[in-house]
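>>> Quick check, what structure comes out for this input:
(one chain, ligands or ions: 1)
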Amino acid sequence: MNFHILTLFPEMVTGGLNTSILGRAAQNGHIGLEAVNIRDFTKNKHKKVDDYPYGGGAGMLMQAQPVFDAFKSVEEKIISRGGKSPRVIYVTPQGKVFNQQMAQELAQEQDLVFLCGHYEGIDERVLQAVVTDYVSIGDYVLTGGELPAMVMIDAVSRLVPGVLKNEESAEFESFHDNLLEYPQYTRPEVWQGAEVPEVLLCGDHAKVDRWRLEQSEARTRERRPDLYELYARKGRALGYLQK
Ligand code: 6GU
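I've put the predicted structure just below:
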């Protein structure tokens, strides 16, 4: 999977993503990370990328031309390598809210382009011309699209085969079947007077599995009633819910 990030702050993205698990995945070639500086595609001598909004109002907008040319350079590269024209994700609070299911779906793509806006936004015409998906990471406003793009790239990358090692790979983890993860414990057996639940020491794997499922259900019901509702509808049909 190749991620192409169109941004005015390429060092923010590459610096942040070439670390830890994703850094290793990039080194191993499981993912490709390319940050493209939109400013490199300006045609004026001051490399200016923004201008005032028609109709007035606060702030500046990114102009269409450098964004379009930056996208075209990426698209050409992908197509010259035999790929198809990629999905282009515009990260914006005006988008559909990102979730694990969207991460799963995006992980099926060969190439993904993330367009990161700054200032007050981007000229609508270039969005119309290139964007295929409008995606937000939640109902709050950030100063730019780089952090949300990095969030989505992280969530998608860990679903790409080979990126996680076996012990990191999460067969059962939060949001799998709309359930939150169960509590976990490591040594020592007693810490500040608090004991590890006895069932985890009994060696009966079926019993441990049952306990963990109960814990997941209770935790989801308590902390995320919205998810529990979905789980109770779908999970019960799948035979998870025993009560
Ligand atoms: Cl995707 N972009 C920006 N700029 N702010 C956000 C966001 C995205 N999602 C939540 N807030």
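>>> Tell me how many other residues surround Asn37.
Neighbours of Asn37 under the rule other CB atoms under 10 Å: 18. (Each C-beta comes from the backbone N, C-alpha and C, glycine too.)
>>> Next: Thr143.
Using other CB under 10 Å, Thr143 has 8 other residues around it.
>>> What of Glu195?
By other CB under 10 Å, the residues close to Glu195 number 11.
>>> how about the nearest residue to the spatially most central residue of the chain, chain neighbours excluded?
Nearest residue to the geometric centre of the chain (CA atoms, centre = their mean): Met152, 1.5 Å. What sits nearest to Met152 in space, not counting adjacent residues and going by CB to CB, 6 or more residues apart in numbering, is Phe98, at 5.8 Å.
>>> So which other helices or strands are in contact with the strand or helix carrying the residue nearest to the centre of the chain?
Secondary structure from DSSP states H and E places Met152 in helix 146-157. Counting contacts by 3 or more CB pairs under 8 Å, 6 or more residues apart in numbering; DSSP states H and E, helix 146-157 is packed against strand 2-7, helix 10-17, helix 20-28, strand 87-97, helix 100-106, strand 111-116, strand 133-136.
>>> Pairing partners for the helix or strand following that helix, with directions?
Later in the chain than helix 146-157, the nearest helix or strand by DSSP H and E is strand 190-191. When pairs are called by DSSP bridges, strand 190-191 turns out to pair with strand 194-195 (antiparallel).
>>> The ligand versus Met152, what's the distance?
8 Å (CB to the nearest ligand atom, to the nearest Å).
>>> Report the contact partners of that residue.
Ile89, Val91, Phe98, Ala103, Leu106, Phe114, Val135, Ile137 (CB atoms under 8 Å, 6 or more residues apart in numbering).
>>> how does this protein divide up, domain by domain?
Using automatic domain parsing, the domain parsing of the chain gives 2-157, 170-243.
>>> ranking those domains by mean pLDDT, which is last?
Set side by side, the domains of the chain differ in mean pLDDT, and domain 170-243 is lowest with a mean of 88.
>>> who in the protein is up against the ligand?
Residues of the chain lying close to the ligand by CB under 6 Å from any ligand atom are Val91, Thr92, Pro93, Ser136, Ile137, Gly138, Tyr140, Val141, Leu142, Gly144, Gly145, Pro148.
>>> For Leu106, the count of nearby residues, please.
By other CB under 10 Å, 21 other residues sit near Leu106.
>>> Leaving aside the residues adjacent along the chain, what's closest to Arg223?
Among residues not flanking Arg223 along the chain, Leu180 sits closest, at 6.4 Å (CB to CB, 6+ apart).
>>> Return the distance of that neighbour relative to Phe9.
Distance, Leu180 to Phe9, by CB to CB, to the nearest Å: 34 Å.
>>> Residue most distant from the centroid, this protein?
What lies farthest from the middle of the chain is Gly193; by CA atoms, centre = their mean that is 38.9 Å.
>>> before we move on, back to that, ok, the residue nearest to Met152 - contacts?
When contacts are counted by CB under 8 Å, 6+ apart, Phe98 touches Val135, Ser136, Ile137, Gly138, Pro148, Val151, Met152, Ala155.
>>> Run through the residues that contact the second one.
Going back to what we said before, that points to Ser136. Ser136 sits next to Val91, Thr92, Pro93, Gln94, Gly95, Lys96, Val97, Phe98, Pro148 when contact means CB under 8 Å, 6+ apart.
>>> about what we covered before: with neighbour numbers in mind, choose between Leu180 and Phe9.
A direct count of neighbours by other CB under 10 Å for Leu180 and Phe9 places Leu180 higher, at 22 against 18.
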